[in-house]
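K.L.:
take a look and give me a structure for this.
(2 chains)
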There are 2 protein chains.
Amino acid sequence: MRIDVKKSPMEKNNEQAKLNRELLEGKGIFVLNLMSSPGSGKTTLLEKLSDVMGKTVRMGIIEGDLATERDADRIRAKGIQCVQINTNGGCHMDAHMIRKVLDEFDLDNLDLLIIENVGNLVCPSSWDLGEHKRAVVLSVTEGADKVAKYPTMFRKADAVIVNKIDLIPYINFDINIVKEDLFAMRPNLDFFQVSATTGENMEDWCQWLKGHLIK
Amino acid sequence: MRIDVKKSPMEKNNEQAKLNRELLEGKGIFVLNLMSSPGSGKTTLLEKLSDVMGKTVRMGIIEGDLATERDADRIRAKGIQCVQINTNGGCHMDAHMIRKVLDEFDLDNLDLLIIENVGNLVCPSSWDLGEHKRAVVLSVTEGADKVAKYPTMFRKADAVIVNKIDLIPYINFDINIVKEDLFAMRPNLDFFQVSATTGENMEDWCQWLKGHLIK
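P.N.:
Numbers count the residues shown, from 1 in each chain, chains lettered A, B, ... in the order given. Alright, predicted model coming up:
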């Protein structure tokens, strides 16, 4: 007698994520899953990262959006290998979507692969894509209460990047509330305060990425 | 022979949404589903609406969040009937959640019920809660590309409220891109540009709501 247990979509995803991680590790590529609300500045952060990091690190980027190639166009204009995934309305990316586009990269000549997830502070947190680390971007204009109100996303983060700090003088935002909520949840979290627009503190985040590259 | 067709969660939701709408219409209550990304300023918009509208309209609010009672506390401090729904990690509210809390309101003494959905520019657009109209808030700090990148949400909107216009001088934001993308999709959309912080143009949105109340 054989019992076929039907696997859930999440189980299938996790199996594929493991395969993705093994494949990319085998190629010596460090993978970051970058998540946030819509409009927190993820793409601008990656554009600026490219400026700061220069050609010292061979970077590839996967862009995830419901629609349009706009983000991929911005990244390619920086001379970076980039593939756009359109989820056609879907609220997150999954490990199978990632696997399908990996062959479009020159994997033998990459050190770092960053996956810019769909802008959504809820659903993407449940889906392992095969990444080594997760970074969540929080822009100051979203307000200091977001960690407490969207705990699932922040509970699984390895790093949090507070972005748009150049706008703090014009809004009501207390960074200490963010820090208290975050470190109560994740005492060993890596924490950055940057402005992708002005470039402030971008070097710190760049160093963090470099420190995680596979030797 | 009887064939039982198992209903999908979406079908069950739509049936309950219809019942919610009939119940609330029977009580003469206009229902608005208010949606946006996290941190676009929905709660501040409702606080300011309460100031502008005063006691001329009897308003109730349902707050939807993954966690915390923070938004409901802010609304109640304005003297408004408010019930908090926590989705415990869920990315949207559904019609059954709404039905469960309706009896906590004094429905015979309400003119307007606003449902502040979970901050998410994707998933809530698929779930009818029993509302009469949908309004989507877009804050200028999210960037002018959001309509094109998150079309599902905007395609189903009856009104779009561009918020935080007081911050336009400090950022790179072209309102014409938003308008072009929106009106290409929804030519008859109602469109507002407000600052919930300074109160600018809040009266226009308030008048729109008053115009939709059930006589």
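
K.L.:
show me where chain A has helices.
P.N.:
With DSSP state H as the criterion, chain A has helices at A:9-26, A:42-53, A:70-76, A:95-102, A:146-149, A:151-155, A:175-185, A:202-212.

K.L.:
the shortest one and chain B, are they touching?
P.N.:
Yes: contact between helix A:146-149 and chain B is present through A:146, A:148-149 (criterion: C-beta under 8 Å from any C-beta of the partner chain). All C-beta atoms are positioned from the backbone trio N, CA, C, and that covers glycine.

K.L.:
over to the first one?
P.N.:
No: applying C-beta under 8 Å from any C-beta, one finds helix A:9-26 out of contact with chain B, separated by at least 13.8 Å.

K.L.:
contacts for that helix, please.
P.N.:
A:7, A:31, A:94-96, A:98-99, A:102, A:107, A:113, A:126-132, A:214 (C-beta atoms under 8 Å, 6 or more residues apart in numbering or on different chains).

K.L.:
show me which residues of chain A are close to chain B?
P.N.:
Going by C-beta under 8 Å from any C-beta, the residues of chain A near chain B are A:37-39, A:65-68, A:70-71, A:89-91, A:118-123, A:139, A:141-143, A:145-146, A:148-152, A:164, A:167, A:170-172, A:197.

K.L.:
which of those residues are buried?
P.N.:
Taking 16 or more other C-beta atoms under 10 Å in any protein chain shown as the criterion, what is buried in the residues of chain A next to chain B is A:37-39, A:65-66, A:68, A:71, A:89-91, A:118-123, A:139, A:141-143, A:145-146, A:148-152, A:164, A:167, A:170-171, A:197.

K.L.:
which residues touch residue A:148?
P.N.:
By C-beta under 8 Å, 6+ apart, the neighbours of residue A:148 are A:181, B:67-68, B:70.

K.L.:
low-confidence stretches in chain A?
P.N.:
Counting by pLDDT under 70, chain A contains low-confidence ranges at A:1-4.

K.L.:
centroid residue for it?
P.N.:
Centroid-nearest residue in chain A, with C-alpha atoms, centre = their mean: residue A:34, separated by 0.7 Å.

K.L.:
these two touch, right, that residue and residue A:113?
P.N.:
No: using C-beta atoms under 8 Å, residue A:34 makes no contact with residue A:113, being 10.7 Å away.

K.L.:
how far away from the center of its chain is stretch A:189-208?
P.N.:
Relative to the chain's own centre, stretch A:189-208 is displaced by 14 Å; criterion: C-alpha atoms, centre = their mean, to the nearest Å.

K.L.:
and for stretch A:78-87?
P.N.:
14 Å.

K.L.:
okay, buried residues for it please.
P.N.:
A:80-87.

K.L.:
endpoint to endpoint, it covers what distance?
P.N.:
Distance between the two ends of stretch A:78-87: 24 Å, counting by C-alpha to C-alpha, to the nearest Å.

K.L.:
what lies in contact with that stretch?
P.N.:
Contacts with stretch A:78-87, where a contact means C-beta under 8 Å, 6+ apart, come from A:47, A:50-51, A:59-69, A:71-72, A:75-76, A:93, A:97-98, A:101, A:104-106, A:110, A:118.

K.L.:
just to revisit the earlier point, CSV please, covering the residues of helix A:146-149 next to chain B and showing distance to residue B:15.
P.N.:
CSV is the format used below for the residues of helix A:146-149 next to chain B (distance: C-beta to C-beta, whole Å):
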residue, distance to residue B:15
A:146, 34
A:148, 34
A:149, 30
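
K.L.:
for stretch A:202-211, what is the distance to the chain centroid?
P.N.:
Relative to its chain's centre, stretch A:202-211 lies at 14 Å (C-alpha atoms, centre = their mean).

K.L.:
hmm, I typed the wrong one, I wanted stretch A:86-94.
P.N.:
In terms of C-alpha atoms, centre = their mean, the centre of stretch A:86-94 is found 15 Å from the chain centre.

K.L.:
what do you get for stretch A:98-112?
P.N.:
Between the centre of stretch A:98-112 and the centre of its host chain there is 16 Å, according to C-alpha atoms, centre = their mean.

K.L.:
can you list the neighbours in contact with that stretch?
P.N.:
With C-beta under 8 Å, 6+ apart, stretch A:98-112 has contacts from A:16, A:19-20, A:23-24, A:27-32, A:57-60, A:62, A:81, A:83, A:85, A:113, A:115, A:129-130, A:209, A:213-214.

K.L.:
any of the residues you listed buried? List them.
P.N.:
Among the contacts of stretch A:98-112, the ones that count as buried by 16+ other C-beta under 10 Å are A:16, A:20, A:24, A:27, A:29-32, A:57-60, A:62, A:81, A:83, A:85, A:113, A:115, A:129-130, A:209.

K.L.:
circling back: please pick the buried ones from the contacts of helix A:9-26.
P.N.:
Buried subset of the contacts of helix A:9-26 (neighbour count, 16+ other C-beta under 10 Å): A:31, A:94-96, A:98-99, A:102, A:107, A:113, A:127-132.

K.L.:
wait, which of the residues you listed is closest to chain B?
P.N.:
residue A:127 (12.1 Å; C-beta to the nearest C-beta).

K.L.:
distance of the closest one relative to residue A:115?
P.N.:
11 Å (C-beta to C-beta, to the nearest Å).

K.L.:
so what's in contact with the two at the same time?
P.N.:
With C-beta under 8 Å, 6+ apart as the test, residue A:127 and residue A:115 both reach residue A:93.

K.L.:
contacting residues around residue A:30?
P.N.:
A:111-113, A:132-133, A:209, A:212-214.

K.L.:
among these, name the ones in strands.
P.N.:
The strands in this structure, assigned by DSSP state E, contain A:112-113, A:133 from those.

K.L.:
farthest-apart pair in the buried ones among the contacts of helix A:9-26, please.
P.N.:
Farthest-apart pair in these is A:107 and A:127; separation 21.7 Å (C-beta to C-beta).

K.L.:
between the two ends of stretch A:23-41, how far is it?
P.N.:
Termini of stretch A:23-41 sit 29 Å apart (C-alpha to C-alpha).
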